[in-house]
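> Task: produce atomic coordinates for the following.
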Amino acid sequence: MITKKILQSLFYQMLRIRMVEERIVELYPQQQMRCPVHLCIGQEAVAAGVSANLKNEDLVLSNHRSHGHYLAKGGNLEKLFAELYGKETGCSRGRGGSMHLIDLSVNFLGSTPIVGGTIPVATGVAWAEKMKNNKTVTVAFLGDAAVEEGAFHESVNFAVLKNLPIVFVCENNLYSVYTPIAERQPKRSIASLAKGYGIRSFRADGNDCGKVYEVSKEMIDAVRAGRGPALIEFLTYRWREHCGPNYDNHIGYRDEAEFKLWQKKCPIDRFKKYALLNKVIKPAEITGMETQIQKEIDTAVTLAQAAPFAKGVSLNDVYAL
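Next up, the predicted model:
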């Protein structure tokens, strides 16, 4: 059973991710953020529910749509905004932008825009952790298109072969840019595909944060106990365009009816209704959360805008000397 404290924490984490990205939407048209942004609005439950089961020493690697993963793992908000503005105080010193986030203090080891690019890296991290006898879990966040890359199959195969402490978390939002999954993959679940490698896998509703938490806990606890790798496929949906702050339903690759259907499944609204009905959270507490998060965001944006721009690149920015 999920405790009241955990439920409140899950709601707060989803709300914080949503509010941070909504501020990015608001600020992006000013053209002071000059990097591409891939927003996870509509997908917050996966980041919040999975990360709630991780310890600080556990390791996470992500993809191009990484803001939620970074924040849920405890990544520094001020450094996130500074990175978006290309400032020296950013988490990648203003050189990486939205798709290259990192915070080693909480073991968020990084994100990259290459589809499937961090999957073998995460697998290698898990192998290194096992060789060092560290009792950690590594999480690799990936999208549905990443399973179409050879790196995914090689990594899952290797993880099973070496019984690695890693969880592959697939956020299946049904699209790769403008192409629906039905035009890219056979009619079967990604979880069932993964089972062919002998990995424990599960498919769940990625917009139900409570379910995400419970499934993730079961899988992460099993991996931590030495029972080998796991894969979780969470069904979810992005609201905004693939890359950018706008809506793009008018393009025609998805219709308005489909979008509205998924919008009704908003993970935050669903959780809020449940929490209020079951007296997990009071309306005044939600208002308090919103106020607190808003202040935190305001401070982070102000500091980011005032910070100096990234300095010239040196070899130290490329290699560890």
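> Where do the strands of the stretch 51-200 of the chain begin and end?
59-62, 108-111, 138-143, 166-172, 175-176, 179-180, 200-205 (DSSP state E, counting those that start in this stretch).
> Save those strands as TSV, and put in distance to Ile220, mean pLDDT and mean neighbour count too.
Placement of C-beta: from N, CA and C, glycine included. Shown next, in TSV, are the strands of the stretch 51-200 of the chain (distance: least, C-beta to C-beta, whole Å; pLDDT from 0 to 100; neighbours: other C-beta atoms under 10 Å):
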stretch	distance to Ile220	mean pLDDT	mean neighbour count
strand 59-62	12	98	28
strand 108-111	16	98	23
strand 138-143	8	98	27
strand 166-172	6	98	28
strand 175-176	27	98	18
strand 179-180	30	97	13
strand 200-205	12	98	19
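> Tyr253 is in contact with Pro180, correct?
Yes: applying C-beta atoms under 8 Å, one finds Pro180 in contact with Tyr253, separated by 7.4 Å.
> Arg238 should be in a strand, yeah?
No: assessed with DSSP: H, G, I helix; E, B strand; the rest coil, Arg238 is coil; it does not lie in a strand.
> per-residue confidence for it?
We have a pLDDT of 98 for Arg238.
> And for Val313?
64.
> Likewise for Met1?
For Met1, pLDDT reads 78.
> And Ala310, by the same measure?
pLDDT at Ala310 comes out at 88.
> separation between it and Gly75?
Remark: distance between Ala310 and Gly75 (C-beta to C-beta, to the nearest Å) = 19 Å.
> Then Leu109?
11 Å.
> which intervals of this protein have sub-threshold pLDDT?
Filtered on pLDDT under 70, the chain yields the residue ranges 313-321.
> Give me the residue at the spatial middle of it.
The centre of the chain sits closest to His69, judged by C-alpha atoms, centre = their mean, with a distance of 3.1 Å.
> Now do the contacts for that one.
47, 51, 60, 62, 108, 111, 141 (C-beta atoms under 8 Å, 6 or more residues apart in numbering).
> ok, the closest residue to Thr112 other than its chain neighbours to Phe141 distance?
Residue nearest to Thr112 in three dimensions, not counting chain neighbours: Thr118, with 5.6 Å by C-beta to C-beta, 6 or more residues apart in numbering. Per C-beta to C-beta, Thr118 is found 8 Å from Phe141.
> can you check Cys40 too?
For Cys40, the distance to Phe141 - C-beta to C-beta - is 10 Å.
> shouldn't Thr136 be in contact with Pro165?
Yes: between Thr136 and Pro165 there is a contact under C-beta under 8 Å: 6.6 Å.
> Overlap of the contact sets of these two?
In contact with both Thr136 and Pro165: Glu129, using C-beta under 8 Å, 6+ apart.
> more neighbours, the two?
Pro165 (28 against 20; other C-beta atoms under 10 Å).
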